[in-house]
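**Q** any chance you can model this:
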Amino acid sequence: MTRHQRALEPHAPVTAAERRELGKLGASAADTDRTESPAAAEEAWLDLLLPNALPAEAVLEAEQRKGLHTVLCGLVKALALNPRDGLPLLSELLQRLDALGRQDKSGPELVAVDTTGLPLTAFQASDYDRYFRVNRVAPALPATMMVRSLVQTIHAVTDLFARSADLPERQVRGQIEGFVAQAHLLARALGLERLR
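**A** Numbers count the residues shown, from 1 in each chain. Below is the predicted model of the structure:
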């Protein structure tokens, strides 16, 4: 779909080819030397639940509960590693979440942001999301999507840490500690066992 077609149809789903093209447009000269797999380009997008789709209570089946606990424990372990060493584990966790998400037979539905009462149009909201590579979704399994959003964010930030050796160590440590706290908080909110 061309940019002009996209402007006329802002709610049309973004294809994998369009995501890769957007990734190329945003790449800097330093990034062009780095080879990136198509799977990594897919992971660069962030799937977010709309605020009204966030569950007030999480009722999880035993298999989903066990899977999310395993992923969150793996996330804490990946954060304890050097960023370069943690990236493969984070990629594996995203694959596990994909397998858990397959229980949602319909898949997550892409939804538009309701702009009622906001000083922007639906096109501006969708254009903003496309620019920042955000998919607004309404899945049947919101708990899995909440964990996936956290892992996607951590994967992107860890990739940045791995590529940027000159970042202040104290700042990096603080960010990682915040992610660990977020993982524990999410496990608690979902009623999962304590993470180890």
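
**Q** buried set for the helix or strand containing residue 153?
**A** Residue 153 is part of helix 142-163, with elements assigned from DSSP states H and E. Judged by neighbour count (16 or more other C-beta atoms under 10 Å), helix 142-163 contains these buried residues: 142-152, 154-155, 157-159, 161. (Glycine included, C-beta is placed from N, CA and C.)

**Q** quick one, strands of this protein?
**A** Taking DSSP state E, the strands of the chain run over residues 46-49, 109-110, 134-138.

**Q** between helix 142-163 and the last one, find me the angle.
**A** Computed by axes from the mean of the first three to the mean of the last three C-alpha atoms, to 10 degrees, the angle separating strand 134-138 from helix 142-163 equals 160 degrees.

**Q** distance from strand 134-138 to the middle of the chain?
**A** When distances are taken as C-alpha atoms, centre = their mean, to the nearest Å, strand 134-138 is centred 10 Å away from the chain's centroid.

**Q** direction included, what does that strand pair against?
**A** Strand 134-138 has the following sheet partners, assigned by DSSP bridges: strand 46-49 (parallel), strand 109-110 (antiparallel).

**Q** dump these into a markdown table; add distance to residue 100 as well.
**A** What follows is the strands paired with strand 134-138, written out as a markdown table (distance: least, C-beta to C-beta, whole Å):
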| stretch | distance to residue 100 |
| --- | --- |
| strand 46-49 | 13 |
| strand 109-110 | 17 |
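
**Q** for this structure, what helix or strand is lowest in average pLDDT?
**A** Lowest on mean pLDDT, DSSP states H and E among the helices and strands of the chain sits helix 29-32, with a mean of 36.

**Q** out of the strands of the chain, nearest to residue 191?
**A** With C-beta to C-beta as the measure, strand 46-49 is the member of the strands of the chain nearest residue 191 (17.7 Å).

**Q** average model confidence for that closest one?
**A** Throughout strand 46-49, pLDDT has a mean value of 87.

**Q** next, the buried residues of that strand.
**A** The neighbour-count criterion (16+ other C-beta under 10 Å) identifies 46, 47, 48, 49 as the buried residues of strand 46-49.

**Q** quick check: pLDDT value at residue 26.
**A** Residue 26 carries a pLDDT score of 41 in this model.

**Q** low pLDDT regions in this structure?
**A** Within the chain, the ranges that satisfy pLDDT under 70 run 1-43, 103-108.

**Q** can you give me the helices for it?
**A** All helices of the chain, identified by DSSP state H, fall at 3-8, 16-25, 29-32, 38-43, 62-80, 83-101, 122-131, 142-163, 169-189.
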